[in-house]
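Novice: Would you be able to build a 3D model of this:
(chains A, B and C)
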Amino acid sequence: MKKVGISGIGMCLPIRRILVNETIKNWGNTSAKLIVDKFGVRKRTVLNSDEDVITLSVEAAKQCLVNTKTNIKNIDAMFLGTVTSSELYRGSSNTVMEMLTDNNQYFSTDVAMAERSGTVALIQGFANVKAGLCKSVLSIGADALCRYTAPGDLRESYTGAGAACALVDSNNIVAEIEGVTNFNTNFPEIGRPEDERFIRELMPMDSGVQKISIIDHVKTAVQLYLNKYNCALSDFDFVLLPQQYPGQTFQLAKIFGIPNEKIEDAIFSSETGDTGSAAPLIALEKVLESAQPNKRILLCSYGHNAGVDVIGLKTTNLIKDYQKRVKQTVTKILNNQFDVGYAEAMRLEYKFVEPNVSIGTFN
Amino acid sequence: MKNRVAVIGTGMVDNPGISHPNRSFKQLLTESVYKAIDDAGILATDIEGSSFSYTGEGEIGHGGISATLNDALALSPIPGFINCSNCASGHTAFMQGCDMIESGEYSVVLVAGFEKSTDVLPFFDYALISSDSMYDYNLGYSHIDAVLMQDEYFKNYNISDEKKKASLLAYAKYARKMGSKNPSAHFFGHSIPKDSQLEKMPLFGSFMKTGEGSAAIILASEDFAKTHTKSPVFVQGRSYITTSHYIGHRYDASLLNGIEDSDLENAGNGLPLTLACQKAYHQAGINASDIDTVGVYDQVTSEFVSLEATGICGEGEAPDFILSGKGDIDGEVPINTDGGNIGRGFAGGTAGIYPLIEIVKQLQGTARGYQIKRPIKYGLSTYLGGGFAHCVAVVMTNE
Amino acid sequence: MANQFPEQLNNPAVESTLRQWHEFDGLHRLTGTKCTQCGRLFFPKRSVCTECHSLKIEEYQFSGNGTIENFNFQFLPPVKVMGFREQLNRAMIAVKLDEGPTIIAELADYLEQDRVKKGSKVKMVIRKIARSGNSDYKYAYKFILSN
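Specialist: I've put the predicted structure just below:
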């Protein structure tokens, strides 16, 4: 059986940020100290008025092609994992592909599975290449959660946007995918019915609920992986747990007894907030930027479906060349940021009330 | 010499720098056209064809409009032609009117235009659509960006910020001075603002005053004019140049047939208007130095670029020309004696007809505002549409 | 999301997505044309060469890299274009593409006016533009500073 894995990852984040307290001071409905100290988020990404999941995905894909020295003509499938695309009928993966190439011979699918969409796209890409249906696949995790988070929502100060694109094939792999397990239930914590703009919590998300949702789901899924592949957590050099915000990752690590040195390389969301479907891939890229060859990575994502994907990877000897080649590192991208105030963020994210019909050049 | 085209009558709706909400475009047009008919001393039924100008279907919500207009003017069943060339629509309608006379098919032609910008809510955006659209307006670019990009002019000729401000301010003041005495102008009766007030305005007050209006000119063959009119004015030479709406094309003159050097042009120079003026002078058998009064499209830097394109002053010298008073009413070559777009006002679809009428009146000695005192022989009217997409030059004489 | 009074608007000039679709190659990928007779490059695309008037034209893919030739900021109300109001002081630039033609675009995310200079290197990105009259979302090229 041929080896299939990730040859590289590209990312795109909006450059604007808003400090956590800049949001909270408008509402006074939660504690900035809680978000900054316990959740570990300093600021969230703010979408520019001309950015969305499609623009972020296209730029992430272009960056991925540069990082992997791949010609887009060789790509024969795109899996776009997102729950915040603005086109609900046609799907968006064809739109993203068309912005990259005039080639039409490819398979495409959007996948929408809450914040797991990125890892689902990755697994689907992996499965297609492994089965021989495709040779080279772009798997994208992208979300613009902030556009669909209401002003005054308790999660507003730490919910952002971002995109990451992985090239999955069987050549020049820097991280081979060794195994996959999944655990899914129908647990409606969060949702957005078809005629509503804003994503909302549908149940009180207290620690009792957290216990049976993210904690138990992740625990079970990880155990399933360890059983299936006859290994232990100690076999992994890096354990990438769900990272809507750093506090979540550290909390899970503590519960599972995973030492900090296995998780801290992947921490990035203090500077971005929750990037939704992009988060697992951004965390993975951050680790790939400095990992040595032949190191094992356990990548785990959580979606409020609820569901967990667990993917086991192992870095290859090609990772050193990859690290030399990549100019747009996660650190570099995170440093390219610019703070804005609350009114500007609301204006740019189209959260001011407007007339139903707004026609006129100057209004 | 072949039979020249003559201007035998003019008429206009006063104050094109404001909207006229209680009058429809048909009413505005009827006023200016029948004033012109009266001025020409002809009957309405003497008109054998009409050449109309307006900014376009989207901008007022009416299409295929020449039949509507001929009917409104009780001129049907004569032929009617439409010209939509952005701000230059009036001038290109004039060009067409001249062609109609010169063809020999018509003895008397009506050239008339109107602007009714308040009939459509996003009127201003329909004006902005008049561009290449898919690659500029679609991307949030308007042809006023083209005006602002002309700022390049000051950098190209190393004109200091102080001189830029002083010359724009001097022109803004002059335009208002000319308008203050002209009953047809928006600025009529107003006192001229002090420098300290103009300084605070955007672009030092050198920005056009838009509104609605209508203006009309009656054209006739030279023979008809000589038997019907006491002091006709003749079209001695004229030219109309089209380039492209897309401002990216301003950076490559070789896109125009017959021009090899691609670097001749940029957003800060008026090469297309220079070409139009040169052709008009050639047809008229004169040079730039023969011009006694000139109309230029005044809108921020455009007044300088246009003036230089006429050859009346050298490249990079227009600010000095203005500052030295050479363009004043008693100067070497008085500019925009009715106040121009800034002092008189600007009614898009008919805008160019107002300055043509002013040149006619100066040549006849019947200007309603400031009159050039010394005897004059040649007047030049130039106008632009879009960012030098349409350029027109018309030389007129009273001889 | 649902309109409170969903009556049809009387506006015959509503754009069809076909109008944008014809230009997707240019608007989305910066694809222009090249004359196969004389080699001249064009953006936006053309069907006939302005140099030799040949109709034998083929597609040409521009790299997206260029230099700022000229720029201005849309600071005056009359310069605003409908659908682009969320961004104040948009920077419009004339970009000389590396391959030759000069084109017009917005310079996105420039942050401070002082950073925008003639001669600065820029590269193309894809961004959302004003929503269509028929409600669909539209996308096109913008540029960002290359540094």
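
Novice: contacts, neighbours, all on C-alpha from now
Specialist: Fine.

Novice: mind listing the strands in the chain by residue range?
Specialist: I'll assume chain A. Remark: strands assigned in chain A by DSSP state E are A:5-12, A:16-19, A:43-46, A:77-81, A:107-111, A:137-144, A:161-169, A:175-184, A:190-191, A:200-201, A:238-240, A:296-303, A:307-315, A:338-339.

Novice: looking at chain B here, not the other one
Specialist: For chain B, strands defined by DSSP E occupy the ranges B:5-12, B:49-53, B:80-83, B:108-115, B:213-221, B:233-242, B:293-295, B:378-385, B:390-397.

Novice: Columns mean pLDDT on top of those strands, output as a markdown table?
Specialist: Listed next are these as a markdown table, based on pLDDT from 0 to 100:
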| stretch | mean pLDDT |
| --- | --- |
| strand B:5-12 | 97 |
| strand B:49-53 | 97 |
| strand B:80-83 | 96 |
| strand B:108-115 | 97 |
| strand B:213-221 | 97 |
| strand B:233-242 | 97 |
| strand B:293-295 | 98 |
| strand B:378-385 | 97 |
| strand B:390-397 | 97 |
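
Novice: Chain A is nearest to which of those?
Specialist: Chain A sits nearest to strand B:108-115 of all these, at 17.6 Å, using CA to the nearest CA.

Novice: picking up where we left off before, for the strands of chain B, give me CSV that also has distance to chain A and mean neighbour count.
Specialist: Shown next, in CSV, are the strands of chain B (distance: least, CA to the nearest CA, whole Å; neighbours: other CA atoms under 10 Å in any protein chain shown):
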stretch, distance to chain A, mean neighbour count
strand B:5-12, 29, 28
strand B:49-53, 23, 29
strand B:80-83, 25, 21
strand B:108-115, 18, 30
strand B:213-221, 21, 31
strand B:233-242, 28, 23
strand B:293-295, 30, 26
strand B:378-385, 20, 27
strand B:390-397, 24, 27
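
Novice: Tabulate those in CSV, adding columns for distance to chain C.
Specialist: Formatted as CSV, the strands of chain B follow (distance: least, CA to the nearest CA, whole Å):
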stretch, distance to chain C
strand B:5-12, 26
strand B:49-53, 21
strand B:80-83, 20
strand B:108-115, 17
strand B:213-221, 19
strand B:233-242, 14
strand B:293-295, 24
strand B:378-385, 16
strand B:390-397, 18
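
Novice: wait, which of those strands is closest to B:Arg368?
Specialist: In terms of CA to CA, the element of these nearest to B:Arg368 is strand B:5-12, at 11.8 Å.

Novice: For the closest one, name the packing helices and strands.
Specialist: Counting contacts by 3 or more CA pairs under 8 Å, 6 or more residues apart in numbering or on different chains; DSSP states H and E, strand B:5-12 packs against helix B:25-40, helix B:89-102, strand B:213-221, helix B:222-228, strand B:233-242, helix B:353-364.

Novice: what does the fifth one rub up against?
Specialist: The set of residues that contact strand B:233-242 without belonging to it, under CA atoms under 8 Å, 6 or more residues apart in numbering or on different chains, is B:4-8, B:92, B:95, B:222, B:272-273, B:275-277, B:279-284, B:360, B:363-364, B:388-399.

Novice: That strand: partners in the sheet, and parallel or antiparallel?
Specialist: Take DSSP bridges as the rule and strand B:233-242 pairs in its sheet with strand B:5-12 (antiparallel), strand B:390-397 (antiparallel).

Novice: who's in contact with the first one?
Specialist: Read that as strand B:5-12. By CA under 8 Å, 6+ apart, strand B:5-12 touches B:31-41, B:98, B:101-102, B:184, B:213-222, B:225, B:229, B:231-236, B:354, B:357, B:360.

Novice: make it 7 Å
Specialist: With CA atoms under 7 Å, 6 or more residues apart in numbering or on different chains as the test, strand B:5-12 has contacts from B:32-33, B:35-37, B:39-40, B:98, B:101-102, B:214-222, B:225, B:229, B:232-235, B:357.

Novice: remind me which residues of the chain are low pLDDT?
Specialist: Answering for chain A, as no chain was given. Flagging of chain A using pLDDT under 70 yields the residue ranges A:356-363.

Novice: The intended chain is chain C.
Specialist: For chain C, the ranges with pLDDT under 70 are C:1-13, C:77-79.

Novice: What residues does it have near chain B?
Specialist: Residues of chain C lying close to chain B by CA under 7 Å from any CA of the partner chain are C:50-51, C:70-72, C:79, C:81-82, C:84, C:94, C:102-105, C:129.

Novice: one more time with 6 Å, if that's ok
Specialist: Residues of chain C lying close to chain B by CA under 6 Å from any CA of the partner chain are C:50, C:72, C:79, C:81, C:102-104.

Novice: which one among those residues gets closest to B:Lys326?
Specialist: C:Asn72 (30.7 Å).

Novice: May I have the helix or strand containing the closest one as PDB, with CA atoms only?
Specialist: For C:Asn72, the host element (DSSP states H and E) is strand C:65-73. Taking C-alpha atoms only, strand C:65-73 is exported to PDB below (Å, rounded to 0.1, in the frame of the first residue of the first chain):
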ATOM      1  CA  ASN C  65       3.400  41.000  -9.700                       C
ATOM      2  CA  GLY C  66       3.800  44.700 -10.500                       C
ATOM      3  CA  THR C  67       4.800  48.100  -9.400                       C
ATOM      4  CA  ILE C  68       2.700  51.100  -8.400                       C
ATOM      5  CA  GLU C  69       2.800  53.700 -11.200                       C
ATOM      6  CA  ASN C  70       0.200  56.100  -9.700                       C
ATOM      7  CA  PHE C  71      -2.200  56.200  -6.800                       C
ATOM      8  CA  ASN C  72      -4.900  58.300  -5.100                       C
ATOM      9  CA  PHE C  73      -7.100  57.900  -2.100                       C
END
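
Novice: Counting by contacts, list what that strand packs against.
Specialist: Helices and strands touching strand C:65-73, by 3 or more CA pairs under 6 Å, 6 or more residues apart in numbering or on different chains; DSSP states H and E, are strand C:91-97, strand C:121-129.

Novice: any chance of the strands of chain B in CSV, plus distance to A:Arg147?
Specialist: Shown next, in CSV, are these (distance: least, CA to CA, whole Å):
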stretch, distance to A:Arg147
strand B:5-12, 53
strand B:49-53, 46
strand B:80-83, 46
strand B:108-115, 42
strand B:213-221, 46
strand B:233-242, 45
strand B:293-295, 52
strand B:378-385, 41
strand B:390-397, 44
